[in-house]
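Asks: no FASTA, just this:
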DNA sequence: TTGAAAATAGAACGATCGTTCGTTAACTTA
DNA sequence: TAAGTTAACGAACGATCGTTCTATTTTCAA
């Protein structure tokens, strides 16, 4: 690895750290350079513009998301186990140590609500892909009989996503200690009501992962 | 109303508008003054500090939230009608015309994730109250038999809130046209699975408001 | 080891940030 | 209407913003 690429990676890591805590808007080249013991201009030269830096941070976070949330889940057997792994990975990601201020993608998404530009476009496409990924995994589960034939995979993705957002808010901001359990309960309920077995809403099934289907482990 | 209070109100309105689109971080005294045809210092004098301005904006939005979301819902008959009104009011609020960039409270909340201070404290207390309000309304509904005895009002509040966040994200950022319907479906499903009647998940009940209990209108 | 290329530093730029100050204009009320 | 209060202005502050330049150091391959 070049010296350039090396320090660039270092910069990106520190930048991600700041963006996680302060948001993309709170990330300035000056403070970032000071934190790293670099000169502003020296740091600047690596990216050419502030926007390019922000884009690089976002892309890096996005790639990391794919690597630690999505990819491992798709190595899980298709159907219900994959959905559960996807969900748990997401929760883990949201409170990951490497993001002291929470998922920088989610923060950037909310931050760029109404600011058009290439960065927003990129985030939008990534978020659409994410929802598509959830929906696709759900569709597979439906095809395998892990979820009911009558299930709507898009509706499933919407609620899957909503629970994740609710968790992020409840955990990060409210510091609600039961947040994770509440999210799990909500997710298990989502799975249950999209299952064929028309069971009455029995109270605690949080740990029943999959009661039928070709689970491998 | 004094001249002072009058312009102060004007300032707050414009500031809320900007904060809605750009976030609290994107709100600067200079641009705000220019937008209003005032001088920076003249505007500044009304608040004494930037933080005070931000706090005033947040408080104003919060009061408005109570006035247009919570209060009208509590004039609805207790139980299920109130819960439904609360939910619909919230969705309306999230896409209200007066907030071109979406609910400024939600934006600020996510923005201040990890920035301690009086503003965060205030938002935190307001958000806790909001969740408490949902939980309380749910508890009443349980007591009236509108929701099942076995329901957990805190879990209900968590999921209620999550659906709202999911909607905000899906509608505001993804501009997903079905977002509102998906949120409604999710909410009706939330109500259904917290009801006594162990009915199979019938497809479309979006307009069945309340099928038992002492509804007055 | 030398020489070209890449990486970093340093100073300066115009702009904007929040804030302070002294002064003038506008409003209120007696 | 006169006096007293409040609101608004304009200029300036030091700090920081992103960015541009030139110069110097460091890296890397021949």
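Replies: On my side now, so go ahead. Only a predicted model underlies this, so the values are computations on that prediction, with no experimental measurement involved. Numbers count the residues shown, from 1 in each chain, chains lettered A, B, ... in the order given.
Asks: Find the helix or strand that the residue nearest in space to the middle of chain A is a member of.
Replies: Central residue of chain A (Cα atoms, centre = their mean): residue A:90, 5.2 Å from the mean position. Taking DSSP states H and E as the criterion, residue A:90 maps to helix A:80-94.
Asks: What segments of chain A are helices?
Replies: Using DSSP state H, the helices of chain A run over residues A:3-22, A:29-36, A:40-45, A:50-65, A:71-75, A:80-94, A:104-111, A:118-144, A:153-168, A:179-193.
Asks: Mean pLDDT and distance to residue B:84 for the ones you listed - can I get that in CSV?
Replies: Backbone N, C-alpha and C define where each C-beta goes, glycine included. What follows is the helices of chain A, written out as CSV (pLDDT from 0 to 100; distance: least, Cβ to Cβ, whole Å):
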stretch, mean pLDDT, distance to residue B:84
helix A:3-22, 94, 37
helix A:29-36, 98, 47
helix A:40-45, 98, 53
helix A:50-65, 97, 36
helix A:71-75, 98, 35
helix A:80-94, 98, 28
helix A:104-111, 91, 27
helix A:118-144, 97, 26
helix A:153-168, 98, 18
helix A:179-193, 98, 19
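Asks: OK, contacts around the residue in chain A positioned nearest to DNA strand C?
Replies: Going by Cβ to the nearest atom of the strand, DNA strand C is nearest to residue A:4 of chain A, at 1.8 Å. Going by Cβ atoms under 8 Å, 6 or more residues apart in numbering or on different chains, residue A:4 touches residue A:46.
Asks: coming back round to it: of the helices of chain A, which is nearest residue B:36?
Replies: Taking Cβ to Cβ, helix A:104-111 is the member of these nearest to residue B:36, at 24.4 Å.
Asks: what helices or strands is that closest one leaning on?
Replies: helix A:3-22, helix A:50-65, helix A:118-144, helix B:104-111 (3 or more Cβ pairs under 8 Å, 6 or more residues apart in numbering or on different chains; DSSP states H and E).
Asks: quick one, which of those helices is packed in tightest?
Replies: When those are scored by mean count of other Cβ atoms under 10 Å in any protein chain shown, the highest mean neighbour count falls to helix B:104-111 (a mean of 24).
Asks: what's the angle between that one and helix B:153-168?
Replies: Counting by axes from the mean of the first three to the mean of the last three Cα atoms, to 10 degrees, helix B:104-111 lies at 100 degrees to helix B:153-168.
Asks: What distance do you get for residue A:109 to residue A:18?
Replies: Going from residue A:109 to residue A:18 by Cβ to Cβ, to the nearest Å gives 17 Å.
Asks: same deal with residue A:107?
Replies: As judged by Cβ to Cβ, residue A:107 and residue A:18 stand 11 Å apart.
Asks: Same question for residue A:171.
Replies: 21 Å.
Asks: Does residue A:123 touch residue A:108 like I think?
Replies: Yes - Residue A:123 is within contact range of residue A:108, at 6.0 Å (criterion: Cβ atoms under 8 Å).
Asks: anything in contact with each of those two?
Replies: residue A:58.
Asks: dump the residue contacts of the residue of chain A found nearest DNA strand D.
Replies: Nearest to DNA strand D in chain A, going by Cβ to the nearest atom of the strand, is residue A:30, at a distance of 2.4 Å. Contacts for residue A:30 were tallied using Cβ under 8 Å, 6+ apart; they are residue A:40.
Asks: Now the helix holding residue A:90: buried residues?
Replies: Neighbour-count burial for helix A:80-94, counted by 16 or more other Cβ atoms under 10 Å in any protein chain shown, picks out A:80-91, A:93-94.
Asks: and if you look at stretch A:141-158?
Replies: Neighbour-count burial for stretch A:141-158 flags A:141-142, A:146-148, A:151-158 (criterion: 16+ other Cβ under 10 Å).
Asks: hmm, back to that, what's the distance between the helix holding residue A:90 and the middle of its chain?
Replies: Offset of helix A:80-94 from its chain centre (Cα atoms, centre = their mean, to the nearest Å): 10 Å.
Asks: Run through the neighbouring helices and strands of that helix.
Replies: The helices and strands touching helix A:80-94, judged by 3+ Cβ pairs under 8 Å, 6+ apart, are helix A:71-75, helix A:118-144, helix A:153-168, helix A:179-193.
Asks: Just put the ones you listed in CSV and tack on distance to residue A:50.
Replies: What follows is these, written out as CSV (distance: least, Cβ to Cβ, whole Å):
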stretch, distance to residue A:50
helix A:71-75, 31
helix A:118-144, 11
helix A:153-168, 27
helix A:179-193, 34
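Asks: so which of those helices gets nearest chain B?
Replies: helix A:153-168 (2.5 Å; Cβ to the nearest Cβ).
Asks: Mind checking if that closest one is in reach of chain B?
Replies: Yes - Helix A:153-168 reaches chain B (Cβ under 8 Å from any Cβ of the partner chain) through A:154, A:155, A:158, A:159, A:161, A:162, A:163, A:165, A:166, A:167.
Asks: counting contacts, what elements does that helix pack onto?
Replies: Secondary-structure packing of helix A:153-168 (3+ Cβ pairs under 8 Å, 6+ apart): helix A:80-94, helix A:118-144, helix A:179-193, helix B:153-168, helix B:179-193.
Asks: angle of the first one against helix A:50-65?
Replies: So the one you mean is helix A:80-94. 140 degrees.
Asks: Next: the fourth one.
Replies: An angle of 130 degrees separates the directions of helix B:153-168 and helix A:50-65 when computed by the same axes, to 10 degrees.
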